[in-house]
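Enquirer: Could you look at this predicted model? Sequence included:
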Amino acid sequence: MNTGKYRSVSALVAFISAVGLLHAPRAQAQQTQSGDFAKIQQHVLQHRALEAVIWGMPAVNRDLMYQAMLRETKGRDNQLLYWSKLLDWKNQTLTPNTDVIYLTPYFDTKDVGPVVMEIPPAQGGAIVGTIMDAWQTPLEDVGPAGVDKGKGGKYLILPPGYTDKLPDGYIALPSQTYKGYALLRSIRQSGSEADLVKAVEYGKQIKIYPLSQAANPPATTYVDAAGVLYDATIPYDILFFESLNRVIQHEPWLERDRRMIDTLRSLGIDKGKPFSPDAAMTTAFNEAGKKAHAYMEGKYYELVTNGPFNAGIRWSFPERMGRVFQAAQEQFANPNFYPVEDRGLLLSFIFFLPKRMGEGQFYLMALEDKDGNTLDGSKTYRLNVPANAPVRQYWSATLYDRDTHALIREMSHAARSSQSPGLQVNNDGSVDLYFSPKAPEGKESNWVPTDTKGKFEILFRFYGPLPTLFDKTWVLPDIELVK
């Protein structure tokens with residue numbers, strides 16, 4: 001190219017621009033930069049969505065149970081949802097107990113002000129459980145292992161920022177949220193049908209009503225969920241974020257969580273504004289949900305298999321979970337200690353946080369047999385429960401679907417316990433339990449069915465645990481494959 005005729009640099013630049021030799025590389029660079037930014041932006045949004053799943057798990061967990069009540073039973077806030085029978089597989093909550101009567105009063109103080117929850121004295125029965133806020137942070141335990149020590153009491157749940165003078169005779173529970181619920185269990189005295197009926201009737205002595213009507217309390221509405229498909233398993237997709245949005249719209253922002261305001265806003269969850277993701281964002285939420293599920297399940301497996309309760313035994317109570325209970329007892333008030341990931345992980349497979357772990361109940365979880373192999377529903381296993389189990393009330397072993405942490409669908413029953421009718425006891429006082437697709441001959445009363453197409457996990461419960469459990473002089477042995 002002959003450039004001699006161009007008298008100035010500006011003239012040369014003008015010529016190069018005209019023939020596209022200058023702007024083309026710039027445009028190409030801008031296009032590349034724009035493409036890189038779009039990829040980075042997508043990566044950041046997916047990371048934020050995953051973070052929102054971990055952080056929001058406790059609130060979404062509770063909201064899903066509440067939505068199941070609204071959807072399937074037509075129950076409402078400040079009523080008492082209960083099961084008039086022992087739970088079967090249609091109760092799709094996270095690792096529930098099939099050997100007690102459940103009562104779950106949901107409350108909302110936003111419009112009615114303080115709400116009273118009356119727990120009856122432990123005479124002829126016992127209520128154990130915890131009252132929690134919308135984040136499943138425990139406000140107080142109730143019953144013999146709770147603050148009333150079995151004498152019963154009137155628990156007064158206060159709205160956020162409530163400053164009015166409190167009446168005498170109540171156990172005040174200041175709450176940082178408007179909504180919440182109580183996970184309560186009416187304990188049977190035995191496995192008989194008569195004691196089951198007594199446990200139900202005793203549980204229905206619980207009352208809930210606004211403090212404003214305490215002078216003449218209205219009758220509590222009891223809503224029976226027995227036989228209802230009550231699905232509150234965690235949906236790792238757009239439904240999770242819709243649930244999280246409901247919580248954000250209804251509840252005040254807590255000081256400890258203010259850093260999440262902008263994170264959620266970037267995802268379209270913003271207080272006072274509708275949540276209406278387009279098709280592309282919905283797809284992004286679904287993809288982020290899959291990644292969150294894979295991450296949580298990986299952390300869960302790591303957590304349970306790396307935290308043996310007794311050395312060399314695969315039953316686990318991970319010490320990291322103790323960190324969550326410790327922080328929750330203080331309502332996460334320590335500014336230097338906020339175990340969000342452990343909290344999210346824990347509430348991905350259970351549905352409550354007690355105020356005092358180990359006093360009223362204790363749990364051990366197993367995902368593997370003695371040889372370290374994942375529990376497989378197509379095989380047969382045996383668990384020997386040694387004599388003199390360290391419990392004041394009873395023990396139980398319950399099976400759950402490994403993927404959902406809920407009861408295995410379509411199974412006739414999910415557990416055996418020390419209260420199970422006809423339970424066979426060995427000559428030395430121990431009990432052999434069997435987990436398999438079909439009952440071993442003559443062992444039906446000690447058998448729990450499994451699904452041949454899936455993996456499973458087992459939760460062993462100790463109600464009223466005794467010191468020999470914690471000083472480890474009594475040890476629950478491994479689950480063994482029957483070959």
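Expert: Noted; the coordinates are in hand.

Enquirer: all strands of the stretch 351-483 of the chain, in order?
Expert: 361-366, 381-385, 391-401, 415-417, 431-436, 447-449, 456-465, 480-481 (DSSP state E, counting those that start in this stretch).

Enquirer: Put together CSV for these, with distance to residue 58 on each row.
Expert: All C-beta spots, glycine's among them, are computed from the backbone N, C-alpha and C. Shown next, in CSV, are the strands of the stretch 351-483 of the chain (distance: least, CB to CB, whole Å):
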stretch, distance to residue 58
strand 361-366, 18
strand 381-385, 31
strand 391-401, 19
strand 415-417, 25
strand 431-436, 30
strand 447-449, 29
strand 456-465, 19
strand 480-481, 36
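
Enquirer: Determine how far stretch 325-335 lies from the middle of the whole chain.
Expert: Offset of stretch 325-335 from its chain centre (CA atoms, centre = their mean, to the nearest Å): 17 Å.

Enquirer: on that earlier part again, going by mean pLDDT, which of the strands of the stretch 351-483 of the chain comes out lowest?
Expert: Lowest mean pLDDT within these: strand 361-366, at a mean of 91.

Enquirer: For the nearest residue to residue 376 once chain neighbours are set aside, grab the count of nearby residues.
Expert: Closest residue to residue 376 apart from its sequence neighbours, by CB to CB, 6 or more residues apart in numbering: residue 455 at 6.2 Å. Residues lying near residue 455 (other CB atoms under 10 Å) number 15.

Enquirer: Residue 455: what's it in contact with?
Expert: By CB atoms under 8 Å, 6 or more residues apart in numbering, the contact list for residue 455 reads 374, 375, 376, 377, 401, 402, 403.

Enquirer: now swap in residue 93 and tell me
Expert: 65, 230, 232, 233, 351, 406.

Enquirer: does residue 141 really touch residue 352, like I thought?
Expert: No - using CB atoms under 8 Å, residue 141 makes no contact with residue 352, being 10.4 Å away.

Enquirer: shared neighbours, these two?
Expert: With CB under 8 Å, 6+ apart as the test, residue 141 and residue 352 both reach 129, 130.

Enquirer: Point out where the stretch 1-150 of the chain drops to low pLDDT.
Expert: Across the stretch 1-150 of the chain, the ranges flagged by pLDDT under 70 are 1-34.

Enquirer: Filter the contacts of residue 93 down to the buried ones.
Expert: 65, 230, 232, 233, 351, 406 (16 or more other CB atoms under 10 Å).

Enquirer: In helices, which of those residues appear?
Expert: Taking DSSP state H, the ones among these that sit in helices are residue 65.

Enquirer: Can you tell me which of the buried ones among the contacts of residue 93 comes closest to residue 305?
Expert: Of all the buried ones among the contacts of residue 93, residue 406 has the smallest distance to residue 305: 20.6 Å, by CB to CB.

Enquirer: Show me the helices in the protein, by range?
Expert: Using DSSP H, helices in the chain cover 9-18, 23-73, 193-203, 238-250, 260-265, 279-305, 319-329, 340-346, 467-470.

Enquirer: Which stretch among those helices is buried most, on average?
Expert: Among those, ranked by average contacts under mean count of other CB atoms under 10 Å, first place goes to helix 340-346 (a mean of 21).

Enquirer: Could you dump the buried ones among the contacts of residue 93 into TSV with distance to residue 117 added?
Expert: TSV is the format used below for the buried ones among the contacts of residue 93 (distance: CB to CB, whole Å):
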residue	distance to residue 117
65	17
230	21
232	21
233	27
351	18
406	27
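
Enquirer: ok so, going back, next, format the helices of the chain as JSON lines and append distance to residue 100.
Expert: Shown next, in JSON lines, are those (distance: least, CB to CB, whole Å):
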{"stretch": "helix 9-18", "distance to residue 100": "80"}
{"stretch": "helix 23-73", "distance to residue 100": "17"}
{"stretch": "helix 193-203", "distance to residue 100": "8"}
{"stretch": "helix 238-250", "distance to residue 100": "27"}
{"stretch": "helix 260-265", "distance to residue 100": "35"}
{"stretch": "helix 279-305", "distance to residue 100": "23"}
{"stretch": "helix 319-329", "distance to residue 100": "21"}
{"stretch": "helix 340-346", "distance to residue 100": "21"}
{"stretch": "helix 467-470", "distance to residue 100": "19"}
